[in-house]
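S.K.: model this:
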Amino acid sequence: RYDAGKDGFIDLMELKLMMEKLGAPQTHLGLKNMIKEVDEDLDSKLSFREFLLIFRKAAAGELQEDSGLHALARLSEIDVSTEGVKGAKNFFEAKAQAITEASRFEEEIRAEQEEKKKQAEELKQRKAAFKELQSTFTQ
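M.R.: Below is the predicted model of the structure:
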């Protein structure tokens, strides 16, 4: 929803826009600190996994009360008593769908890598067969 670049990550400007739309605007430094706190791969943007880490840390009480991440986690919570079970169901289905899409993407990458390995092996076998055939003509 907030991934304007459609690259699967939330960068600084997308996070800024998201926080403004959620009604919890942050300073530039605050936004950088939000990313830094959960940026496991140090790429200065949030992957889906890192985004989910915000909620894990919030549930474990590891976020400072005045931090932007705490505000984000609080704004994104699902209250079943007000949203109903359907609201929570939709929230978790959307999260599960995103994980499934990421897994499918990883599966496609693995399949491409397997195909490249297979093609490289076939090329190696063809070269060996050609050299063998060539040696019969040179003798």
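
S.K.: okay, residue 11: pLDDT?
M.R.: Looking at residue 11, its pLDDT reads 88.

S.K.: list the residues that contact it.
M.R.: 5, 44, 45, 46 (CB atoms under 8 Å, 6 or more residues apart in numbering). (Glycine included, C-beta is placed from N, CA and C.)

S.K.: state the distance from it to residue 45.
M.R.: Shown here: residue 11 relative to residue 45, a distance of 4 Å by CB to CB, to the nearest Å.

S.K.: need the buried ones from the contacts of residue 11 selected in PyMOL.
M.R.: Those of the contacts of residue 11 that count as buried under 16 or more other CB atoms under 10 Å are selected in PyMOL with:
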select buried, resi 45+46
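
S.K.: quick check: of the contacts of residue 11, which lies closest to residue 32?
M.R.: Using CB to CB, the shortest approach to residue 32 within these belongs to residue 44, at 8.1 Å.

S.K.: right, I'll call it a day here.
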